[in-house]
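Colleague: sharing a model prediction with you, sequence too.
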Amino acid sequence: MNEGVNGAVALPACRGKLTAGRPLSNLTWLRVGGPAEWLFQPKDIDDLAEFLRNLDRRIPVFALGVGSNLIVRDGGLSGVVVRLGSRFGRIDTDGTSLRAGAAALDSRVAIRAAESGLDLTFLRTIPGTLGGAVRMNAGCYGKYVADFCREVVMVDRSGKVERLRNRDVGFSYRGSSLPPGSVVVEATLECPRSDPAELFSRMEAQLAYRNETQPTGIRTAGSTFRNPSGLSSTGQSDTDHSMKAWKLIDDAGMRGARLGNACVSDKHPNFLVNAGGATATEIEKLGETVRARVLENSGIELQWEILRVGSKACEQGN
Ligand SMILES: Cc1cc2nc3c(=O)[nH]c(=O)nc-3n(C[C@H](O)[C@H](O)[C@H](O)COP(=O)(O)OP(=O)(O)OC[C@H]3O[C@@H](n4cnc5c(N)ncnc54)[C@H](O)[C@@H]3O)c2cc1C
């Protein structure tokens, strides 16, 4: 058993690494946020399953990928944050499918697939892990994980290892209905076959396009808000996302707006950027200001696509 940060909580023993009070800011793309009460890096699936089975049900569990779609608030995350290491990053292919551990980076998955003549090129420019991609139903160029996913292996909050078929994952636009506290450990994707040279040249073109249209090499979490529906007056629909959030933000005069060290990208107004030393509070507040201005200007209520997790600094210790 391990004693908790405040001495009150006892955690089960494990074979992996358990760290108390681990700062999360350097584990996320935005480089902001407070610590995890506990960070757990399991050794293998059995270690993860046993740990979760023995973990007090009242303790929250959060799976962290590489934090490319997250604002971790300044007060940090209570409970256990699970981060899968390289042992969960294996990638295997056969004639028409690819199976990979959830820690495999999407870009690596796309490259390994292309080497085997399998088309998962849409994943090449998405900076997260395969686990995060399943949870978020990540997509690009009109293709989503849901279009390719055959099976997902996850360990649920009670430590049970489950194999889910595509329809059981509950994929939706930029989301899924995986139960809270569950950790995806592996996914199998069905892939169309294509000529490797053609796949590599397509990925080169995608990278060039991304570099031209999006800020790169900076601290951001990608698209901040979902693209709203062009069909409904409120902008909410799960099937149509034809309206562009960046255009609504631009029209509301928020391109380049700044709050402290947080700013709206000049290059792509749907990207919030940590310009250096920003806090999570500043970034979230700037995002809320953008939403208010867009609502005022267009009547459309933008929905956050970036997930905001943890407690605000003033709530720490509650
Ligand atoms: C520059 C940039 C460009 C981007 N472009 C795109 C894009 O084109 N398309 C797109 O869809 N997204 C894009 N994103 C957003 C982001 O990369 C995706 O949402 C990605 O899938 C998140 O993966 P992650 O591993 O970073 O997850 P995290 O950000 O760490 O977590 C996101 C969510 O996934 C959950 N999660 C992570 N790992 C697991 C796991 N193993 N098991 C269960 N749940 C898990 C977390 O609990 C959380 O709910 C972009 C982000 C950036 C910074």
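Modeller: Nice, thanks for sending it over. Remember, predicted model here, so these are calculated numbers, not experimental data.

Colleague: thought residue 291 was touching residue 302?
Modeller: Yes - counting by Cβ atoms under 8 Å, residue 291 touches residue 302, with 4.9 Å between them. In this view, the C-beta of every residue, glycine as well, is placed from N, C-alpha and C.

Colleague: so which of these two has more stuff around it?
Modeller: The neighbour comparison of residue 291 against residue 302 (other Cβ atoms under 10 Å) goes to residue 302, with 26 against 21.

Colleague: any idea which element that one lies in?
Modeller: Residue 302 is part of no helix or strand, with elements assigned from DSSP states H and E.

Colleague: just give the nearest non-adjacent residue to it, would you?
Modeller: residue 225 (4.0 Å; Cβ to Cβ, 6 or more residues apart in numbering).

Colleague: spit out the contact partners of the one you found.
Modeller: By Cβ atoms under 8 Å, 6 or more residues apart in numbering, the residues touching residue 225 are 245, 249, 270, 287, 290, 291, 302, 303, 304, 305.

Colleague: what is the burial count for the spatially closest residue to residue 293 that is not a sequence neighbour?
Modeller: Excluding the flanking residues, the one nearest residue 293 by Cβ to Cβ, 6+ apart is residue 252, at 4.2 Å. Residue 252 has 22 neighbours, counted by other Cβ under 10 Å.

Colleague: what does the one 10 residues further on give?
Modeller: Residues within reach of residue 262, counting by other Cβ under 10 Å, total 26.

Colleague: so which residues on the stretch 1-150 of the chain come close to the ligand?
Modeller: Applying Cβ under 6 Å from any ligand atom, we find that the stretch 1-150 of the chain lies next to the ligand at 29, 62-70, 84, 102, 125-129, 131-133, 135-136, 138-140.

Colleague: if we use 8 Å, what do you get?
Modeller: Residues of the stretch 1-150 of the chain found near the ligand (Cβ under 8 Å from any ligand atom) are 28-29, 62-70, 82, 84, 88, 102-103, 106, 125-140, 144.

Colleague: strands - which of those land there?
Modeller: 62, 63, 64, 70, 82, 139, 140, 144 (DSSP state E).

Colleague: from what I can see the first one touches residue 182, true?
Modeller: Right, residue 62. No - counting by Cβ under 8 Å, residue 62 sits too far from residue 182 to count as a contact (10.5 Å).

Colleague: for the closest residue in space to residue 39 that isn't next to it in sequence, grab phi and psi.
Modeller: Excluding its sequence neighbours, the residue lying closest to residue 39 (Cβ to Cβ, 6+ apart) is residue 22, at 3.8 Å. Here is the backbone geometry of residue 22 (degrees, to the nearest 10): phi -70, psi 120.

Colleague: just to check, residue 22 is in contact with residue 34?
Modeller: No - counting by Cβ under 8 Å, residue 34 is not a contact partner of residue 22; they are 10.3 Å apart.

Colleague: which residues touch residue 309?
Modeller: By Cβ under 8 Å, 6+ apart, residue 309 lies in contact with 62, 70, 71, 72, 73, 77.
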